[in-house]
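Colleague: here is a sequence with its predicted model. Questions after.
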Amino acid sequence: MPIDNDEYKRLLNKAAAYAAKAERSPQEVTNKLQSWAREPLDEESERKIMVALRQDRFVDEERYARRYTADKVRFLRKGPLLLRRELQQKGIPSAIIEQALAEVSDEVWAEALEQYLEGKIEGYRKKSRSPYQLRSRLMQAAYMRGYLRETSEEVLSRLDLSVEGADDEQIEWYD
């Protein structure tokens, strides 16, 4: 059953204010709309509100995906695989996700991973018995953070992976 005009205006204004405070995915706005509605919101009313929010650019999936990606890479050093999964969970279409991830250069991904691993390396160095074990731990950390193997290999090749007290016998893992 469609909502009345007063309820529509109330929900639209509330959703606009919510979306104006910070970038929101359409799914986040839709969830809030459902929680704010006095009665369960029908699909037509929800669609009508979301169309109005998109037309006024309160909700923009492309902008959201770009900013979400940039912020998570810059501040949390997350990799492309993890970000892709997070954006999918937020209901962002795959084409928009791929476009947002493609806007981040390979150098930026590598720099973010290097900064992330530099914060981990000393703790892992103390726990590792060999450079090989240290490298394995760092590769696992990069994988868990959502980085591609090629990026991880590139970054690890630039890091000092020496371990105190390790055997003089080094394991060579590069050709």
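Modeller: Great, that's in hand.
Colleague: now the closest residue to residue 114 other than its chain neighbours: how far from residue 146?
Modeller: Nearest residue to residue 114, sequence neighbours excluded (Cβ to Cβ, 6 or more residues apart in numbering): residue 155, at 4.9 Å. (C-beta placed from N, C-alpha, C; glycine too.) Plainly put, residue 155 is 14 Å away from residue 146 if you go by Cβ to Cβ, to the nearest Å.
Colleague: likewise residue 126?
Modeller: Look at residue 126 and residue 146: by Cβ to Cβ, they are 25 Å apart.
Colleague: more neighbours: which of these two?
Modeller: residue 146 (19 against 10; other Cβ atoms under 10 Å).
Colleague: phi, psi of the more buried one?
Modeller: Phi and psi for residue 146, reported as degrees, to the nearest 10, are phi 90, psi 20.
Colleague: so which strand or helix has the nearest residue to it once chain neighbours are set aside?
Modeller: Sequence neighbours aside, residue 82 is the residue nearest to residue 146 in space, at 2.6 Å (criterion: Cβ to Cβ, 6+ apart). When elements are assigned from DSSP states H and E, residue 82 belongs to helix 80-89.
Colleague: and whatever helix or strand comes next after that helix, what does it pack onto?
Modeller: Sequence-wise, the next helix or strand downstream of helix 80-89 (DSSP H and E) is helix 94-102. Counting contacts by 3 or more Cβ pairs under 8 Å, 6 or more residues apart in numbering; DSSP states H and E, helix 94-102 is packed against helix 61-76, helix 80-89.
Colleague: next, the angle from helix 94-102 to helix 80-89.
Modeller: Counting by axes from the mean of the first three to the mean of the last three Cα atoms, to 10 degrees, helix 94-102 lies at 150 degrees to helix 80-89.
Colleague: circling back to that earlier point, what does the helix or strand encompassing the residue nearest to residue 114 rub up against?
Modeller: Element membership of residue 155, judged by DSSP H and E, is helix 149-158. Applying Cβ atoms under 8 Å, 6 or more residues apart in numbering, the contact partners of helix 149-158 are 79, 106, 109-110, 113-114, 117, 135, 138-139, 142-143, 174.
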